[in-house]
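# need the 3D shape of this:
(one chain, ligands or ions: 1)
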Amino acid sequence: PYEVLIVGGGPAGAAAAIYAARKGIRTGMVAERFGGQVNDTMEIANYPGIPETNGPAYAAQLEAHVRNYEVDIMNTQRVAELVPAAETGGLITVKLDNGGTLQSRTVILATGARWRNVNVPGEQEYKTKGVAYCPHCDGPLFKGKDVAVIGGGNSGVEAAIDLAGVVKHVTVLEFLPEMKADAVLVKKLKSLPNVTIHTNAQTTEITGAAGKVNGLKFKHRADGTDASVDLEGVFVQIGLVPNTEFLRTTVERSKFGEIVVDARGATNVPGVFAAGDCTTVPYKQIVVAAGAGSTAALSAFDYLIRTPAA
Ligand code: FAD
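Below is the predicted model of the structure:
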């Protein structure tokens, strides 16, 4: 069995693996896709010490860094189930999709998240060609341009406020008759001169030409009339879904499906820790995930030296 088994090979899982292996403990890592979400981004320019890189290059660096250490890497393997130890200090079982099982005294869950899609024509076609999901990451690419934000919840309104300071104009579309974000955020948004808000508006299509977004079509739900806006970018902000479905009820999760962790990355199950976008940690960013991964690994090590093996 392993002493630490990490599930996930994104920034959180990679940082956890590096920290665990450097303690000289038996470390394993199962990942469906090494690198995680960063594989899907072109530019990364907010990781301290790396002024600029791209997603695939950064993912390759993560893997090379982990491979510098003795870590048993099981790439392209998916975890289907986690079975807690029968008693504290016992072995936790991780079952794989391929039927295999692994056992470990501690497990670090770092399975990340995925952005919820709006599922309209044009979204898939123009992903990374004007359709974006992360305002902190891609906002600066639309400097001086017109963009839309789909979603009037907290993340949508925060994104719109953030973007309004960078881009020329922001159109916000909320499906429901009312904005769902906190009143203070909505008030702030409404005070901005370069923002237009449409509530009760259903996005129907993201249009483009020559491989780039050039507009968005929507329907006013109250009277069924169609409308369109010319723009160069669309930020989809209708939720981030954590990859935690496989945990079912074994580990406590929030109403959004995020694994509930404390400041040390501990979950409610002894020996099970979690880090990164799959958890309740605020702000889903590479640097935050990597920091949380190192915290979880150090906490797992602390657990191992304090908890007698059952
Ligand atoms: P992830 O990167 O999501 O990694 C999760 C890992 O778990 C993957 O290896 C996945 O394959 C694996 N996994 C999931 N489920 C299972 C399972 N059941 N079994 C086994 N393995 C599993 N952040 C920035 O800081 N700067 C940026 O510029 C930036 N740009 C972004 C652009 C895009 C398009 C996207 C989508 C995100 C961007 N982000 C950016 C956010 C950043 O990518 C995430 O915050 C970060 O990757 C989270 O790291 P993580 O390790 O928690 O999860």
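# which parts of the protein sit against the ligand?
Taking Cβ under 6 Å from any ligand atom as the criterion, the chain approaches the ligand at residues 7-13, 30-34, 36-38, 40-41, 44, 46, 78-79, 110-113, 115, 133-134, 137, 243, 246, 276-277, 284-287, 289. No exception for glycine: its C-beta is placed from N, CA and C like everyone else's.
# go again with 5 Å.
For the chain, the residues in contact with the ligand (Cβ under 5 Å from any ligand atom) are 8-12, 31-33, 36-38, 40-41, 44, 46, 78-79, 110-112, 134, 137, 243, 276-277, 284-286, 289.
# could you point out the longest helix in the chain?
Selection of the longest helix in the chain by residue count, based on DSSP state H, yields helix 286-306.
# which strands and helices lie in contact with it?
strand 2-7, helix 11-21, strand 101-109, strand 272-274 (3 or more Cβ pairs under 8 Å, 6 or more residues apart in numbering; DSSP states H and E).
# using CSV, lay out the ones you listed together with mean pLDDT and distance to Pro121.
Putting the helices and strands packed on helix 286-306 into CSV (pLDDT from 0 to 100; distance: least, Cβ to Cβ, whole Å) gives the following:
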stretch, mean pLDDT, distance to Pro121
strand 2-7, 98, 35
helix 11-21, 98, 33
strand 101-109, 98, 36
strand 272-274, 98, 37
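# can you put the ones you listed in TSV and add distance to Asn54?
Compiled in TSV, those are given as follows (distance: least, Cβ to Cβ, whole Å):
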stretch	distance to Asn54
strand 2-7	25
helix 11-21	15
strand 101-109	27
strand 272-274	28
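# and the one residue in the stretch 151-300 of the chain that gets nearest to the ligand, how many residues sit next to it?
When Cβ to the nearest ligand atom is the measure, the stretch 151-300 of the chain has its nearest residue to the ligand at Gly276, with 2.2 Å between them. Applying other Cβ atoms under 10 Å, we find 36 residues neighbouring Gly276.
# next: Thr93.
The local packing count at Thr93 equals 18, with neighbours defined by other Cβ under 10 Å.
# that one is in contact with Val107, isn't it?
No: shown here, Thr93 and Val107 do not form a contact pair, counting by Cβ atoms under 8 Å, at 9.3 Å.
# any residues in contact with both of these two?
Common contacts of Thr93 and Val107, defined by Cβ atoms under 8 Å, 6 or more residues apart in numbering, comprise Leu82.
# beta partners of Thr207?
When bridges are taken as DSSP bridges, the partners of Thr207 come out as Gly215.
# also Val229?
Listed by DSSP bridges, the beta-bridge partners for Val229 are Leu216.
# from now on call the first residue 597
All right, first residue 597 from here; so that's Val825.
# can I get the longest helix of the chain in CSV, CA atoms only?
Taking Å, rounded to 0.1, in the frame of the first residue of the first chain, the C-alpha atoms of helix 882-902 are listed here in CSV:
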residue,chain,number,x,y,z
ILE,A,882,-3.3,27.6,-10.5
VAL,A,883,-1.3,29.3,-7.7
VAL,A,884,-4.1,28.8,-5.2
ALA,A,885,-4.5,25.1,-6.2
ALA,A,886,-0.7,24.5,-6.0
GLY,A,887,-0.6,26.1,-2.6
ALA,A,888,-3.5,24.0,-1.4
GLY,A,889,-1.8,20.8,-2.8
SER,A,890,1.3,21.5,-0.8
THR,A,891,-0.8,22.1,2.4
ALA,A,892,-2.7,18.9,1.9
ALA,A,893,0.6,16.9,1.5
LEU,A,894,2.1,18.4,4.6
SER,A,895,-1.1,17.7,6.5
ALA,A,896,-1.1,14.1,5.3
PHE,A,897,2.5,13.7,6.4
ASP,A,898,1.5,15.1,9.8
TYR,A,899,-1.3,12.6,10.1
LEU,A,900,1.0,9.7,9.2
ILE,A,901,3.5,10.6,11.9
ARG,A,902,0.8,11.1,14.6
